[in-house]
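Undergrad: Next comes the sequence, and after it the predicted model I'd like to discuss.
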Amino acid sequence: MSRSDLVELAKRRGYFFQSAGAYGGVSGFYTYGPQGATLKANVEDAWRERFGVQEGHREIDAPTVMPEPVFEASGHLDTFDDMLVECPECGASHRADHLIEDETDIEEAESIAIPDVEDLIADHDLQCPDCGAELAGEPVEEFNLMFETSIGPGSSSPGYLRPETAQGIFVEFPQLAEYARNQLPFGITQIGKAYRNEISPRNSLVRTREFTQAELEHFVDPTEDVPDIDRVADVELTLYPADKQEEVEGVEYVTKTVREAVEDGLVHEWVAYYLGVGKQWYESIGVDMDRFRFRQHLSGELAHYAADCWDAEGEIDGDWYELAGFAYRSDYDLSKHDEYSDDDFTVFKQYDEPKVVERATVDPDMSYLGPEFGGAAGEVADALETLAERDRAAFEGDTVTVEVDGEEHEIPTEKTGFAVEEVKETGEHVMPHVVEPSIGIDRAVYAVLVHAYEIDEVEGDERTRLALEPEVAPTFVGVFPLMDKDGMGELARELTDDLRAAGFDATYDDSGNIGRRYRRQDEVGTPFCVTVDYDSLEDHTVTLRERDSTEQVRVPVAALPDLLEDLREGERTFADLDAPAPEQ
Ligand code: GAP
């Protein structure tokens with residue numbers, strides 16, 4: 001299969017196509033057609049079921065536009081950049097690291113520093129892919145990927161389209177922690193649009209400017225919470241650790257179960273847990289596990305917030321693409337929002353028994369500080385309090401020095417009221433750590449389609465089929481009358497209505513011969529077809545045909561809904577059904 005075969009099929013069969021084609025289209029924006037929108041919704045539902053319901057996490061729905069301070073705190077305004085190089089001849093913009101990866105043997109060029117990237121462009125005589133002009137000597141610059149907007153009239157309130165759904169969870173942490181009764185661990189999921197002003201969007205759904213993310217932020221107490229590894233202990237992982245990427249010629253994987261990966265210290269236990277969940281989920285939606293791996297980020301490649309990260313990657317046309325990131329974000333995000341906002345981003349952890357602890361306090365003599373420091377007296381008092389908490393030894397001499405607004409002030413220790421007291425504490429404030437499985441839904445949909453695309457031969461004829469998993473296939477069953485006459489059309493239409501009422505995505509088709517109708521549904525990816533014929537009018541049975549094997553079996557109309565339900569849920573396979581007969 002070539003990439004263009006799939007893109008052509010996707011357009012013709014209503015999966016996806018470039019948006020606003022009537023106006024020339026804009027790269028990086030795609031519309032899902034009727035089949036694609038349902039496939040995507042089914043993939044999202046499967047994600048909700050696996051990462052939400054089965055893990056006991058709750059979902060929120062935050063805005064896609066957020067005010068500037070959120071992204072100052074998160075670090076996105078400063079550091080969410082890609083490397084841009086512009087063609088001196090035609091003005092086309094390119095991602096410098098992608099040019100290097102495309103034209104040399106170097107992988108993960110994102111982790112290379114800009115001056116080295118400029119050297120590599122010159123050393124390899126890289127040219128503009130659009131017009132062929134030399135790019136050597138052209139400056140490589142950081143380009144921020146955030147889409148900026150103005151909130152309300154005027155420009156006094158800048159806002160940004162969120163580049164990840166995660167920040168919508170982090171900024172609401174104080175409310176969410178309250179909802180969780182301040183009990184760690186707890187997880188919050190969110191699925192929705194994210195926006196990145198990509199320098200050069202490419203490979204259809206793989207790199208777009210508007211896409212859907214499905215993220216889980218699992219808040220844990222790093223000192224005591226551990227994952228329930230037993231739930232995924234035996235899931236086998238194909239791992240591509242950083243050292244194998246850096247030190248070994250060619251590609252060498254390490255295959256380990258989740259438990260082994262944790263016990264060997266290869267993967268952080270929380271990350272390993274979600275690699276197990278992630279693998280189960282990707283397999284359930286139809287990603288081919290022979291074309292799937294987890295690759296550890298190299299140190300220069302880690303996002304500004306990540307302490308460790310493994311990407312789920314899928315192979316497409318011989319290249320590996322990132323499908324998801326599984327990151328240990330430590331307390332980076334919550335600490336930043338705690339520092340930049342007026343809210344408290346910690347949780348109060350109650351002790352089982354109150355503890356008696358020593359606490360250093362101050363009770364400054366304001367009749368001294370007032371005349372001495374005037375309007376700054378209050379700030380000096382606050383600085384003394386902070387210093388007492390942090391550094392008791394600072395109060396051992398005759399004077400204490402504090403800094404306020406960059407200026408040092410010396411205060412006689414006797415005027416600070418410094419004392420060390422024994423107090424009973426009932427708990428402590430904990431800054432939770434975050435483990436984050438971040439899944440790109442569009443890339444999951446694309447991998448599912450690419451891995452489902454197959455060409456085989458049926459009765460000497462070549463056929464194209466999408467071998468989609470029944471769980472995600474947008475159309476579940478096609479219903480055909482042998483011919484639309486003698487009551488067969490009415491019965492097939494009635495059956496279609498009944499199947500829809502029973503919750504199946506059913507389509508009715510009476511155009512062309514039966515063979516053509518089967519091929520049409522094979523190409524759309526419909527797992528089952530039902531044909532109503534003359535016998536159906538007499539004995540109330542129909543032919544049920546399976547897409548992949550093309551085998552057929554005769555079943556009573558009345559049994560059809562239960563049987564299809566079993567097939568969809570994986571309770572039975574087609575081979576379990578009675579006496580399959582060869583295709584007519
Ligand atoms: N909150 C973490 C985060 O956003 P990321 O690795 O930047 O991490 C997570 O993005 C996932 O989102 C990626 O693995 C990918 O599947 C998807 N994604 C990122 N940029 C994308 C783009 N431009 N087009 C389509 N999907 C994208």
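TA: Now that the structure is in, tell me what you want to look at. Fair warning: this is a prediction, and the values are worked out from it, not measured in the lab. Residues are numbered from 1 along each chain as shown.

Undergrad: can you list the residues of the stretch 201-350 of the chain near the ligand?
TA: Proximity of the stretch 201-350 of the chain to the ligand, by Cβ under 6 Å from any ligand atom, involves residues 207, 208, 211, 213, 215, 322, 323, 324, 325. The C-beta positions use only the backbone N, C-alpha and C, and glycine is treated the same way.

Undergrad: Of those residues - the most surrounded one?
TA: residue 324 (26 neighbours; other Cβ atoms under 10 Å).

Undergrad: Point to the residue nearest the middle of the chain.
TA: residue 439 (1.8 Å; Cα atoms, centre = their mean).

Undergrad: Please check which residues sit opposite that residue as beta-bridge partners.
TA: Beta bridges link residue 439 to residue 214, residue 324, judged by DSSP bridges.

Undergrad: end to end, how far does stretch 239-252 reach?
TA: Criterion Cα to Cα, to the nearest Å; first-to-last residue distance in stretch 239-252 is 9 Å.

Undergrad: residues contacting the residue in the stretch 251-400 of the chain that the ligand sits nearest to?
TA: Closest to the ligand within the stretch 251-400 of the chain is residue 325: 3.7 Å, counting by Cβ to the nearest ligand atom. Shown in contact with residue 325 (Cβ atoms under 8 Å, 6 or more residues apart in numbering): 303, 306, 309, 310, 311, 312, 436, 437, 438.

Undergrad: Looks like the fifth one contacts residue 323 (just checking).
TA: Yes: counting by Cβ atoms under 8 Å, residue 311 does reach residue 323; the two are 7.4 Å apart.

Undergrad: leaving aside the residues next to it on the chain, what's closest to the residue in the stretch 51-200 of the chain that the ligand sits nearest to?
TA: Scanning the stretch 51-200 of the chain for the residue nearest the ligand gives residue 164, at 3.5 Å (criterion: Cβ to the nearest ligand atom). Leaving out its chain neighbours, the residue that sits closest to residue 164 by Cβ to Cβ, 6 or more residues apart in numbering is residue 194, at 5.4 Å.

Undergrad: same check, this time on residue 47
TA: Nearest non-adjacent residue to residue 47 (Cβ to Cβ, 6+ apart): residue 214, at 4.8 Å.

Undergrad: how close does that neighbour sit to residue 401?
TA: 52 Å (Cβ to Cβ, to the nearest Å).

Undergrad: Return the per-residue confidence for the residue nearest to residue 164.
TA: On the pLDDT scale, residue 194 is placed at 98.

Undergrad: Around the ligand, pick out the residues from the chain.
TA: Counting by Cβ under 6 Å from any ligand atom, the chain sits next to the ligand at 164, 166, 196, 198, 207-208, 211, 213, 215, 322-325, 436, 438, 440, 442-443.

Undergrad: who does the helix or strand residue 356 falls within pair up with?
TA: Using DSSP states H and E, residue 356 falls within strand 347-361. If you go by DSSP bridges, strand 347-361 pairs up with strand 419-430 (antiparallel).

Undergrad: Mind listing residues that contact the strand it pairs with?
TA: So strand 419-430 is contacted by 184, 221, 223, 344, 346-351, 354-363, 392 (Cβ under 8 Å, 6+ apart).

Undergrad: where does the residue in the chain that the ligand sits nearest to land on pLDDT?
TA: Closest residue of the chain to the ligand, Cβ to the nearest ligand atom: residue 440 (1.9 Å). Looking at residue 440, its pLDDT stands at 98.

Undergrad: got a list of what it touches?
TA: Neighbour list for residue 440: 211, 212, 213, 322, 323, 324 [criterion: Cβ under 8 Å, 6+ apart].
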